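S.K.: sequence-free structure coming up:
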């Protein structure tokens, strides 16, 4: 055994020491600032006569249609593979390859994996190990460390296991750096580090029917066998690059926001950033504070709502310290909010339990049809978007810049963003918005970006071009019964799961937080908590009843996939724009996220009560 792997004398199990050191202490930052100017922290009044009439609907359609087909992304391979390098950790810890066996193997080391370990350990499952391609825990919060990174869900409801660690976040909307520190706190307190193989990328997961085991191979030469495999890779961890002519020619520094290069000194430099999604909205105000010139290349504007950040009060700290279960209760109240903007605004009095509801309830003379409900939501969304567009006019001084920054699509159709410094940044003399609508940047040269016949000369180019949505590379490398890969199954039959967690003919495999997975709200922690509870329940039930293998029937899978498709189609008008939520308009209905609301929990409870969807095999002699 090497220093990286040893045998625990108490359990006889292997434990690991593969956590990598931090690459440089320059990797540091903050999230949203607290802004005192009320003009920046409140939305303007709704403009008079705002109605989502035929004229406004036509504007939305035109805005969408001219951009349809413009999204063109490519894998980070070949000369672009460098954009995937881990710049946050020192070199991997040397270790020997593993060819042994464990009970449960989990892919990932983010929130889902940390929660799974806590729940599995409490349920008596200790022969558990994790594989993580990064050098430390955190998942999304490991890879995303750009300046200004913060969570858009209030941290008191978002961060898991706050009561168990006794930690209270410093801000209502925590910095990504604070969230990463919390992940490390969880890993240290609950012994996760000893269970995780860091800098280890799974490149194959194959079911052995005779042995009733998965064989998991990695880029470190491992060929481990596990009774159960859980994919907890996350939904936004695989970065993507826009395909632009001449990208490889640029002679300055270039990197993706998910691999922010803190060795590059940006002070006084000419910096360009391509993209204006949720990441860029957070990073641009911080870039503007240090660079010499900043060029923001925008194809489609984000909806930029009020953030209204605040610090945690001493009263809250002292109260919560003596209130068992305060964060779980707060998260449960958060989950009851069905409107996206209401959830993101996070009414403190309601979430703290001081009032019984988050809004005044309206009654209707008769129950509304599903179509009427959608129409009502679209009208509400339009009024919110009108206020967001009015906010642009109220803050941004240059009329042409303001015009380009106004989004025309249903609220929440693209990922909503929240910031109180982003729009004022475009009033600064050294910040320039380059409107590349509708097709985006098409050419890069050795010196910079070309658009509209002009070459923008740059020292540094930042790609804020986002992530694959629910499309991890691990899915491409899972082979189930009959030698059929998960990718081939979904390509031939469409995405089909049961509850988003099981796939027929892929026994003892669980997908946490993947396509068609429900159980959550606008707080993703709800979903992974529900998925973790479900997985642990099923594994414990199998253990107690002597079952070695669980699969799901073909018909329950098909029925659930049909339900996901129908739920997606029914709510599609609320997402009628080109965004990563719908595969830039190309995804089949029901193939990605689940839009069935509380129905998921009912279906899950029914399955747990009847056990009808499951196919169990007894253990073999």
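M.R.: Sure thing, it's come through. This one's a predicted model, so the numbers in the text were calculated from it and none came from an experiment.
S.K.: quick one: buried residues of stretch 256-271?
M.R.: Neighbour-count burial for stretch 256-271 flags 256, 257, 258, 259, 260, 261, 262, 264, 266, 269, 270, 271 (criterion: 16 or more other Cβ atoms under 10 Å). All C-beta atoms are positioned from the backbone trio N, CA, C, and that covers glycine.
S.K.: Next: stretch 549-564.
M.R.: Buried residues in stretch 549-564, counted by 16+ other Cβ under 10 Å: 549, 550, 551, 552, 556, 557, 560, 561, 563, 564.
S.K.: now it: how far from the chain's centre is it?
M.R.: Computed by Cα atoms, centre = their mean, to the nearest Å, the chain-centroid distance of stretch 549-564 equals 25 Å.
S.K.: same thing with stretch 154-164?
M.R.: Centroid separation for stretch 154-164 versus its chain: 17 Å, with Cα atoms, centre = their mean.
S.K.: which residues sit against that stretch?
M.R.: The contact list for stretch 154-164, computed with Cβ atoms under 8 Å, 6 or more residues apart in numbering, reads 111, 114-115, 118, 151, 167-169, 171-174, 178-179, 182, 186, 189, 312, 324-328, 330-331, 334, 346, 351, 523-525, 529.
S.K.: Next, check the buried residues of stretch 549-564 against the helices and list the overlap.
M.R.: If you go by DSSP state H, the buried residues of stretch 549-564 have 556, 557, 560, 561, 563, 564 in helices.
S.K.: before we move on, the earlier item: mark which of the contacts of stretch 154-164 are buried, thanks.
M.R.: By 16+ other Cβ under 10 Å, the contacts of stretch 154-164 give 111, 114-115, 118, 151, 167-169, 171-174, 178-179, 182, 186, 312, 326-327, 330-331, 334, 346, 351, 523-525, 529 as buried.
S.K.: From those residues, which land in helices?
M.R.: 111, 114-115, 118, 178-179, 182, 186, 326-327, 330-331, 334, 351, 524-525, 529.
S.K.: picking that back up, present the buried residues of stretch 256-271 as a markdown table; the columns should include pLDDT and distance to residue 297.
M.R.: Below are the buried residues of stretch 256-271 laid out as a markdown table (pLDDT from 0 to 100; distance: Cβ to Cβ, whole Å):
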| residue | pLDDT | distance to residue 297 |
| --- | --- | --- |
| 256 | 96 | 15 |
| 257 | 97 | 14 |
| 258 | 96 | 18 |
| 259 | 96 | 19 |
| 260 | 97 | 18 |
| 261 | 97 | 19 |
| 262 | 97 | 22 |
| 264 | 97 | 19 |
| 266 | 98 | 17 |
| 269 | 98 | 16 |
| 270 | 98 | 13 |
| 271 | 98 | 11 |
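S.K.: Would you mind listing the two of those residues that lie farthest apart?
M.R.: Spanning the widest gap among these are 258 and 270, at 22.5 Å by Cβ to Cβ.
S.K.: Return the per-residue confidence for residue 143.
M.R.: pLDDT for residue 143: 96.
S.K.: what residues are up against residue 406?
M.R.: The contact partners of residue 406, by Cβ under 8 Å, 6+ apart, come to 301, 389, 392.
S.K.: Distance of the nearest residue to residue 240 once chain neighbours are set aside relative to residue 401?
M.R.: Ranked by Cβ to Cβ, 6 or more residues apart in numbering and with sequence neighbours excluded, the top spatial neighbour of residue 240 is residue 73, at 4.4 Å. Using Cβ to Cβ, to the nearest Å, residue 73 is found at 27 Å from residue 401.
S.K.: Residue 408 too?
M.R.: For residue 408 relative to residue 401 (Cβ to Cβ), the value is 16 Å.
S.K.: got the contact list for the residue nearest in space to the middle of the chain?
M.R.: Geometric centre of the chain, nearest residue: residue 236, 4.2 Å, by Cα atoms, centre = their mean. Residue 236 sits next to 140, 467, 468, 469 when contact means Cβ under 8 Å, 6+ apart.
S.K.: same thing but at 6 Å, please
M.R.: Contact analysis of residue 236 by Cβ atoms under 6 Å, 6 or more residues apart in numbering lists residue 467.
S.K.: Same question for residue 375.
M.R.: With Cβ under 6 Å, 6+ apart, residue 375 has no contacts at all.
S.K.: need the helices for the stretch 301-450 of the chain, in chain order.
M.R.: For the stretch 301-450 of the chain, the helices defined by DSSP state H, counting those that start in this stretch occupy 314-321, 326-335, 340-345, 348-351, 370-395, 399-404, 422-425.
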